[in-house]
Every structure is written in C-alpha cells, then in structure tokens.
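**Student:** got a predicted structure plus its sequence, pasted below:
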Amino acid sequence: MLLRLFRTLSSSRGGATLQKPFNYDQQVRWGWNERGYDITYGSLYHSPVRPKVILEGYGPDGFSVSNVVKNVGDMKKTDGSIFMHGSIMAFPHGCFFWNVESVQDITVDSLAPIALHQPKINILLVGSNTLIPHRQMYPIVETMRKKYGISVEKSELFNAIGTFNFLNAEDRDVAVVLLRDPSAKTEN
C-alpha cells in the first residue's frame, strides 16, 4: 500500500531517499478539493458494496441528502441527491422521514426504529438547534444505553451532520436523528 501512495526516488549523491507523493493515486482514492485531500472521499462516494448516506446540509424546511436515490424512472437520472422536507432519521445506507415536529416529541418510542435496525446501531446522534432539556434526554439516554446498548449524544444540527458523516466514513454503526429547524436561514 505504501508503495502505491509514494514513489521513492534515490539521489545519485550519497544514496539519500526522497519521497514524492504519487498525485494521480491520491486524487482517485482521496478526492482533491481546494482545501486539500479528503480522506473520507473514497469511503463515502465510492463504496464497493452499496452507497453510504451523506448529509450535505440543512435549511428551514429540511435536509439535503446524497447517495439515497440513483434513478428515478427510466428517463430521469439523478446524482443521488435529494432534499428531504421535514425531520429525518439517517442510517449508514438509508435515510427516512422521522415523524417528530418538536423537541417534546422525542421519546424512546419515537426512536424505536434505531433499536430495531440491523446491523445493530452503537452510536445515536440527536441533532437539534432547539435546546433539549436534560430532564427529557436523561431517561432516553439511559433507556437506550441499558436496554439496547446504544450510546446517545445530543448536539446542534451542524455538529450532528458532520459527526455522522465522519463516523459513517469510518464504517461505524452510527445513526442520526435530525429535528427540522424552522428558524434556519437560507443563503441567497
């Protein structure tokens, strides 16, 4: 593997070794963007088995999700990106609408699909820009941990999306539930 990533060149003086990056292979495997190499590019966008869900962003109406739909009928091809209007529940290889409108609707029962998912989910991220009271989250966290062996972490939407994408790229058994934020501002 190391030989594929680096080309070793020997200097004629003293036999010193100089390593240069093998740019073509890095671009194909890692994906170059204006900020540098994206080490999760190959894992997320080019999964050999089935595509992984990529959460791209959110607005006041819902969430932008990639690698969910590849073909819509015979005539229309898509890049796999869709905008899901409403709150969502995302797994490594699938994304679904989540029938939750407010923080008060988040319960162990509303998270039941997480506990039923196969393969078993180990980490659940709860993303909401609305403050979730500790009194409400504590019983949920304890029940999910003791009964199902699932660690629950709450955070803001932006952080939950990024953490899910990164853990998913690392092939972790992760899920995220994202509560739609009607106060989010859209860019013009």
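**Tutor:** Arrived safely.

**Student:** what about the helices in this protein?
**Tutor:** Per DSSP state H, the chain carries helices over the ranges 2-5, 23-30, 41-45, 112-116, 134-148, 157-169.

**Student:** which stretch in the ones you listed is the model least sure about?
**Tutor:** Among the helices of the chain, helix 2-5 carries the lowest mean pLDDT, at a mean of 33.

**Student:** put the alpha carbons of stretch 85-96 into CSV.
**Tutor:** Provided in CSV are the C-alpha atoms of stretch 85-96 (Å, rounded to 0.1, in the frame of the first residue of the first chain):
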residue,chain,number,x,y,z
HIS,A,85,-38.7,18.1,3.7
GLY,A,86,-39.0,17.6,7.5
SER,A,87,-37.2,15.8,10.3
ILE,A,88,-35.1,12.7,9.3
MET,A,89,-33.6,9.6,10.6
ALA,A,90,-30.4,8.5,8.8
PHE,A,91,-28.6,5.2,8.9
PRO,A,92,-25.3,4.3,7.1
HIS,A,93,-27.1,3.1,4.0
GLY,A,94,-30.6,4.7,4.2
CYS,A,95,-32.5,7.8,5.2
PHE,A,96,-36.1,8.1,6.3
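
**Student:** any stretches of the protein with poor pLDDT?
**Tutor:** In the predicted model, the chain carries pLDDT under 70 at residues 1-50, 69-79, 185-188.

**Student:** what's around residue 149, how many residues?
**Tutor:** If you count neighbours by other C-beta atoms under 10 Å, residue 149 ends up with 11. All C-beta spots, glycine's among them, are computed from the backbone N, C-alpha and C.

**Student:** could you pull up phi and psi at the residue nearest to residue 175 when sequence neighbours are not counted?
**Tutor:** In space, and not counting its chain neighbours, residue 175 is closest to residue 121: 4.6 Å by C-beta to C-beta, 6 or more residues apart in numbering. Residue 121 adopts backbone torsions of phi -80, psi 130, taken as degrees, to the nearest 10.

**Student:** okay, strands next: where are they in this protein?
**Tutor:** Taking DSSP state E to define them, one finds strands in the chain at 6-10, 17-21, 32-33, 36-37, 54-58, 62-66, 71-72, 76-77, 82-85, 88-91, 94-97, 123-127, 151-155, 174-178.

**Student:** what packs against the last one?
**Tutor:** The reference is to strand 174-178. strand 54-58, strand 88-91, strand 123-127, helix 157-169 (3 or more C-beta pairs under 8 Å, 6 or more residues apart in numbering; DSSP states H and E).

**Student:** again, only using 10 Å
**Tutor:** strand 54-58, strand 62-66, strand 88-91, strand 94-97, helix 112-116, strand 123-127, strand 151-155, helix 157-169 (3 or more C-beta pairs under 10 Å, 6 or more residues apart in numbering; DSSP states H and E).

**Student:** can you give the strand pairings for it, parallel or anti for each?
**Tutor:** Under the criterion DSSP bridges, strand 174-178 sits next to strand 88-91 (antiparallel), strand 123-127 (parallel) in its sheet.
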